[in-house]
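S.K.: I need the structure of the sequence given here:
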Amino acid sequence: MAAIDTLRQWIEVAVPGLTVMYAEQVKAHAPRPPLPYAKLLIASSTPISGTPFESTSDIPDAVNPNLTTLFRSHKRQGVARVDIFGNAALTSEQVISELQLSVRRLAVRDVLLAGGMVLRWLGSLTNIPTLRDTNWEDRSQADFQFRVVDSETEAYPVIDTVNLIPTFKVEGAP
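M.R.: Coordinates of the predicted model:
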């Protein structure tokens, strides 16, 4: 499961009923969902391990026995930026506070662990109201740091090995 999907599930479990959109879905003049809703963006993501761990399976592929499966995993850490657009019934500050506290709940930890992720709150809440049409819209932003182990599997053909005996021909030799 991709890191962004795990983060989306975290928000949905932490604040039931809140609509979660990816930042790429929110365009300048596109219709937006009813308030309150969350906008999720992975602000940064960098590898934290030098070389990926690789292993192969000894079980041949059922369809093509000449294929071997390679399992590869690597660790990354990054920052997830969450923008909350609130309303009178559920303000953006209330939602951010709920997200901060949710990291300690077992149900949320189960969702994160299923995605191979750990999460922590990075800092303070930023209250940044925005102008929507002619009214001010309640908006807050917070950053969360995540660490995730990504796994990939791929099948690749086995390359037959050939023993080579090097031979050198010296000029003038028989």
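
S.K.: output the lowest mean pLDDT helix or strand found in this protein.
M.R.: Confidence across the helices and strands of the chain bottoms out at strand 53-56, with a mean of 52, counting by mean pLDDT, DSSP states H and E.

S.K.: ok, residue 19 to residue 8 distance?
M.R.: Applying C-beta to C-beta, to the nearest Å, the value for residue 19 to residue 8 is 11 Å. To be clear about C-beta, it is placed using only N, CA and C from the backbone, and glycine gets the same treatment.

S.K.: looking at the two, which one has more neighbours?
M.R.: Regarding residue 19 and residue 8, a neighbour count based on other C-beta atoms under 10 Å identifies residue 8 as having more, with 19 against 16.

S.K.: which element is the more buried one on?
M.R.: Residue 8 belongs to helix 3-14 when assigned by DSSP states H and E.

S.K.: what's the next helix or strand after that helix packed up against?
M.R.: Once the chain leaves helix 3-14, the next helix or strand it forms, by DSSP H and E, is strand 19-22. In terms of contact count using 3 or more C-beta pairs under 8 Å, 6 or more residues apart in numbering; DSSP states H and E, strand 19-22 is assigned the packing partners helix 3-14, strand 37-47.

S.K.: alpha carbons only: can I get strand 19-22 in PDB?
M.R.: Listed next in PDB are the C-alpha coordinates belonging to strand 19-22 (Å, rounded to 0.1, in the frame of the first residue of the first chain):
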ATOM      1  CA  THR A  19     -13.800  13.900   3.500                       C
ATOM      2  CA  VAL A  20     -10.200  13.500   2.600                       C
ATOM      3  CA  MET A  21      -8.800  14.800  -0.700                       C
ATOM      4  CA  TYR A  22      -5.300  14.600  -2.200                       C
END
